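Undergrad: requesting a structural model of the entry that follows:
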Amino acid sequence: MSGLTLSNLRKEFGSFVAVDNVELSIPQGSFVCLLGPSGCGKTTLLRMIAGLERQTGGQILMDGEDITGIPTHKRELGMVFQSLALFPHLTVAENIAYALRIRGASKAEQIARAEELLDLIHLPGYGDRAVSQLSGGQRQRVAIARALALSPKLFLLDEPLSALDAKLREEMQVELRQLQQKLGITTIVVTHDQREAMTMADLVVVMGEGRIRQAAKPVEIYRQPADTFVADFIGATNLLPVRKGADNTAVFGNQQIPGIDISAAGENLTLSVRPEELQIVKSGQSELKGTVSFVRDLGATIETFVEVEGEILTSVTSPRERVSVSVGEEVGLHLPPEHCVVLTR
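TA: Got it, this is the predicted structure:
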């Protein structure tokens, strides 16, 4: 099978299980984001793929070949660390061509490859500059070029954009994705930034407590989360603890929510509905009734917080769609069944 396969991959540090029997198949040429909170095991997983951390158990296959015991420098991969780790005493071109120099490539080959990559990362003519003369975004590009110098089969990045300001970070997200698409190289990025993952990835792998909670396309992760952990971690959502009522409908507190069939669901149920799908309406035309507790106008969007059965639910609309309400007003909430997901807690 072409691509990368992780089979029952496990890492223990003493009695602590950092990565718990991970199974994952990554097709050749995919852009994958390992996403999760701090301590969930995503960086440890990346380091095992790179050969920088020895697994406790399991296998790593690259294009069907077992590379589990192969040292890092023979795995045909490039890696960008969070710190970038550029050499301050070398020029930009020398940094990019460093791996080629170690491999014994001629000076002419080093120069040609450095110039080729500088063009690719939109920094032509920067080869003779010192690293200290570069901006944060330019250093990021140079680190990426250096990792690509040997044309690796696999490109790994550990929180590569975390040190950049918000505007530059978003620009680099687009640039990195476009570069990956142009090269067609299998790429794995570790991030805790949900927006970053949703922007760049073909496949988002949400991790929690050392395990993969869900691996799917970004839109599926957002619209059809596998459990409450994924729903709560990816973007904003309203999580309503519900129980099974008459005719298998969902009951929240003392109020029934018609149209939500939970006949196939089990116990300890939670209903997830995204704020942009939760609609404020006249109380007589709604599934739930509550009281407005706060309204926040953010310009492009309006956030309205409504207290229902002791829980605070959030509705987000554009100014054009806004329903004029004030704090303390009783309102109704409409939950479109097609946008509600029943999850087990």
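Undergrad: so what touches the helix or strand residue 4 falls within?
TA: Assigned by DSSP states H and E, residue 4 belongs to strand 3-13. Outside of strand 3-13, the residues that reach it under the criterion C-beta atoms under 8 Å, 6 or more residues apart in numbering are 17-30, 41, 44-45, 48-49, 53, 55-63, 154, 186, 188. (Glycine included, C-beta is placed from N, CA and C.)
Undergrad: sheet partners, orientation included, of the helix or strand of the chain with the lowest mean pLDDT?
TA: Least confident element among the helices and strands of the chain, by mean pLDDT, DSSP states H and E: strand 255-261 (a mean of 85). If you go by DSSP bridges, strand 255-261 pairs up with strand 249-252 (antiparallel).
Undergrad: and stretch 289-300, which residues are buried?
TA: 290, 292, 295 (16 or more other C-beta atoms under 10 Å).
Undergrad: that stretch: how far from the chain's middle?
TA: Using C-alpha atoms, centre = their mean, to the nearest Å, the mean C-alpha position of stretch 289-300 is found 29 Å from that of the whole chain.
Undergrad: try stretch 128-145
TA: Here stretch 128-145 is found 25 Å from its chain centre; the criterion is C-alpha atoms, centre = their mean.
Undergrad: need the buried residues of stretch 289-300 in TSV (columns: distance to residue 249 and secondary structure).
TA: Formatted as TSV, the entries for those read as follows, by distance: C-beta to C-beta, whole Å; DSSP: H, G, I helix; E, B strand; the rest coil:
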residue	distance to residue 249	secondary structure
290	19	strand
292	26	strand
295	30	strand
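Undergrad: out of the residues you listed, who's nearest residue 144?
TA: residue 295 (43.6 Å; C-beta to C-beta).
Undergrad: am I right that that closest one is in contact with residue 314?
TA: No - using C-beta atoms under 8 Å, residue 295 is not in contact with residue 314, being 10.8 Å away.
Undergrad: below-threshold pLDDT in the chain: ranges please.
TA: For the chain, applying pLDDT under 70 flags the ranges 1-2, 264-266, 283-285, 345.
Undergrad: which residue is nearest the centroid of it?
TA: residue 197 (3.0 Å; C-alpha atoms, centre = their mean).
Undergrad: tell me the contacts of that residue?
TA: Contacts of residue 197 by C-beta under 8 Å, 6+ apart are 33, 35, 189, 191, 204, 218.
Undergrad: list the buried residues for stretch 72-84?
TA: Going by neighbour count (16+ other C-beta under 10 Å), the buried part of stretch 72-84 is 75, 77-80, 84.
Undergrad: what sits against residue 37?
TA: Residues counted as contacts of residue 37 (C-beta under 8 Å, 6+ apart) are 192, 208, 233.
Undergrad: make sure it is indeed in a helix.
TA: No - secondary structure of residue 37 (DSSP: H, G, I helix; E, B strand; the rest coil): coil, not part of a helix.
Undergrad: over to it: give its phi and psi.
TA: Phi and psi for residue 37, reported as degrees, to the nearest 10, are phi -70, psi 170.
Undergrad: about what we covered before: how about the buried residues of stretch 289-300 in a markdown table, adding distance to residue 325?
TA: A markdown table is the format used below for the buried residues of stretch 289-300 (distance: C-beta to C-beta, whole Å):
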| residue | distance to residue 325 |
| --- | --- |
| 290 | 11 |
| 292 | 5 |
| 295 | 7 |
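Undergrad: return the closest of the residues you listed with respect to residue 166.
TA: Proximity of those to residue 166, judged by C-beta to C-beta, is greatest for residue 295, which lies at 25.6 Å.
Undergrad: does the closest one have beta-bridge partners, and which?
TA: Applying DSSP bridges to residue 295 gives these bridge partners: residue 304.
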